[in-house]
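Trainee: how would this look folded up:
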Amino acid sequence: MDRPEVKRPERGRFALWKNYALLLYAAVALAVLLGVANLIISDHNVRWDLTPGKRFSLSEFDKRVLSHLKHNVKVMAFVRTEDPAYLELADLLFQAAAFTPRVTYQIIDVNKAPGLARQYGVSVYGEVVVESQGRRRDFDNARSDLLIPAILEVSHVTNKKIYFTVGHGERDLFNTDRNLGFSEFRNYLEQNNYQIENVSLFAGGVPSDCSVLVSLAPRKDFLPGELAAVAKYLAAGGKYVIFLDPYGSPSLAEFLKKYYLDFTERVVVDPAYRLTAGEILTMQMPIYSKTDPITRSMAGPAVFSMSRGVEITGKPGDKAPDGLVFFSGEAFLKSSHESWASGDTKAVTTGITEFQSGRDVKGPIPVGSEVDLAVNGDVHVPIEKMARIVGFGSSAFASNQFIAMLGNRDLAVSALNELANDEILIASRERLNKAETAAFYVTNAQSRGLFYLGSILEPSILFLIGIAVFVRRRFFA
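Mentor: Residues are numbered from 1 along each chain as shown. Okay, here's the model as predicted:
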């Protein structure tokens with residue numbers, strides 16, 4: 001049976017042109033949408049960092065440094081563009097420049113621009129030059145974790161003066177000798193844009209532009225007039241850092257007792273935390289505050305040699321000279337529980353001693369302490385405006401021989417940063433140390449533990465496993 005014929009409406013020419021018009025409209029609308037999206041993306045960089053450590057994102061510290069830039073910073077990265085090692089640095093530079101117009105950068109292929117490399121004194125691949133207001137900071141290997149600290153270093157305008165007392169056998173900041181010199185300590189301070197000056201207290205007292213006064217291992221006594229100058233400086237809210245070795249400058253040690261900081265005469269010894277095969281007067285200081293600004297940025301425990309205790313003897317409200325009032329104190333660095341402060345006078349010369357009850361004091365022994373004193377008894381002012389004294393029972397940890405060990409550099413420099421009210425510089429090292437692994441140092445106790453583990457425990461376990469296998473096969477097979 002034939003189906004009835006169904007008549008379909010004929011599509012007219014008008015309907016055809018209408019479809020073409022709709023297609024053209026959709027194409028134009030899509031093009032406009034993509035164009036607007038590209039404009040938004042070009043002005044507002046949006047990225048999602050899914051890495052566990054957020055390694056491709058600016059940290060809160062990075063943003064804080066970049067947002068406070070008041071002068072332009074120029075970064076020149078001299079690399080080989082075919083070397084993939086610089087890609088992380090290039091990404092961080094892109095993020096920094098996108099975050100603030102104060103940062104501009106160039107990535108320069110050394111092979112293609114040798115003349116520019118010579119102009120900047122660059123002789124190795126991967127060197128990065130950071131400049132701002134005539135200050136320059138270089139670092140090698142195109143390490144991205146060094147970029148923000150370098151930007152902070154050249155842009156942080158402090159020009160604060162740190163005065164070091166002279167005339168009492170203090171250590172020389174310009175001496176480059178490995179054992180006795182402290183030139184590396186001076187270099188680190190100058191990298192923080194501090195001006196280093198010497199001061200003779202006998203000549204004219206403490207200068208009015210002094211941000212921090214430092215006594216670096218004085219060995220001779222201070223004259224009464226010099227101590228009076230220090231007292232006047234503290235009464236006005238001064239900041240004082242003392243590195244005092246055992247038996248050094250008795251008059252200064254006696255003077256500081258008035259401010260409730262007691263440098264004890266006993267020498268700290270520690271057979272457990274001494275360095276492997278070392279003498280017991282050189283040791284790690286494993287107990288330190290994780291919240292105090294002076295110690296929180298440390299890459300590891302400090303290594304001290306020839307140290308004395310630094311006790312805090314005051315309590316809030318105690319009176320100090322010239323109207324000062326004890327506000328607070330903290331022992332931020334201590335020796336281990338296995339250590340003790342020895343009254344043995346031969347400990348310094350021979351390095352051999354044993355704990356004797358009644359003569360010695362059991363650890364932990366504080367070797368780094370701070371006291372804060374309210375000026376004119378006003379305890380309601382910010383702590384930054386109080387008189388502050390930081391005492392270390394040793395100077396060797398800041399010497400050229402020790403300053404690169406574990407947390408020594410951070411400890412020595414952070415003490416001055418804290419008293420100079422430059423905590424942002426402490427945060428810079430804190431961020432940097434999180435990206436680094438501290439040097440590998442083994443204490444005597446750790447070395448003994450490794451010996452027992454490798455020589456006794458492991459062979460014993462393998463021997464017992466062998467016995468168990470033999471018994472199982474021989475009697476239970």
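
Trainee: list the buried ones in stretch 361-379?
Mentor: 361, 363-375, 379 (16 or more other Cβ atoms under 10 Å). For the C-beta atoms, the positions are set from N, CA and C on the backbone; glycine is no exception.

Trainee: What of stretch 216-229?
Mentor: Using 16+ other Cβ under 10 Å as the test for burial, stretch 216-229 gives Leu216, Ala217, Pro218, Asp221, Phe222, Glu226, Leu227, Ala229.

Trainee: So which residues make contact with that stretch?
Mentor: Residues from elsewhere that reach stretch 216-229 (Cβ atoms under 8 Å, 6 or more residues apart in numbering): 164-165, 167-171, 173, 182, 201-202, 205-206, 230, 243-245, 248-252, 255, 395, 398.

Trainee: if you set the cut-off to 6 Å instead, what comes out?
Mentor: For stretch 216-229, contacts defined as Cβ atoms under 6 Å, 6 or more residues apart in numbering pick out 164, 168-171, 201-202, 205-206, 243, 245, 248-249, 251-252, 255, 395.

Trainee: now that stretch: how far from the chain's centre is it?
Mentor: Relative to its chain's centre, stretch 216-229 lies at 31 Å (Cα atoms, centre = their mean, to the nearest Å).

Trainee: same deal with stretch 114-132?
Mentor: 27 Å.

Trainee: For Arg266, give me its contacts.
Mentor: Ala341, Ser342, Gly343.

Trainee: Can you list the strands that the helix or strand where it lies pairs with?
Mentor: Arg266 is located in strand 261-269, with elements delineated by DSSP states H and E. Listed by DSSP bridges, the sheet partners of strand 261-269 and their directions read strand 308-312 (antiparallel), strand 340-342 (antiparallel).

Trainee: Can you give me the buried ones in it?
Mentor: Leu261, Asp262, Phe263, Thr264, Arg266, Val267, Val268, Val269.

Trainee: on that earlier part again, just the buried residues of the contacts of stretch 216-229.
Mentor: Among the contacts of stretch 216-229, those buried by neighbour count (16+ other Cβ under 10 Å) are 164, 168, 170-171, 201, 205-206, 243, 245, 248-249, 251-252, 255, 395.

Trainee: Thr295: neighbour count?
Mentor: Thr295 has 25 neighbours, counted by other Cβ atoms under 10 Å.

Trainee: hang on, it packs against Met285?
Mentor: No - counting by Cβ atoms under 6 Å, Thr295 does not reach Met285; the two are 9.6 Å apart.

Trainee: can you give me the helices for the protein?
Mentor: For the chain, helices defined by DSSP state H occupy the ranges 13-43, 60-67, 87-99, 114-119, 147-155, 183-191, 201-204, 224-235, 250-256, 347-350, 408-419, 423-434, 444-452, 458-475.

Trainee: Work out the gap between the fifth one and the centre of the chain.
Mentor: The chain centroid and the centroid of helix 147-155 are separated by 14 Å under Cα atoms, centre = their mean.

Trainee: I'd like to know which elements that helix is packed against.
Mentor: Contacts defined by 3 or more Cβ pairs under 6 Å, 6 or more residues apart in numbering; DSSP states H and E place helix 147-155 against helix 60-67, strand 127-132, strand 135-139, helix 423-434.

Trainee: Run through who's touching the second one.
Mentor: Contacts with strand 127-132, where a contact means Cβ under 6 Å, 6+ apart, come from 71, 73-78, 120, 137-140, 142, 150-151, 154-155.

Trainee: and if you look at the shortest one?
Mentor: Identification of contacts with strand 135-139 by Cβ under 6 Å, 6+ apart yields Val128, Val129, Val130, Leu146, Ala150, Glu153, Val154.

Trainee: Now with 8 Å, please.
Mentor: Glu127, Val128, Val129, Val130, Leu146, Ala150, Glu153, Val154, Gln191, Asn193.
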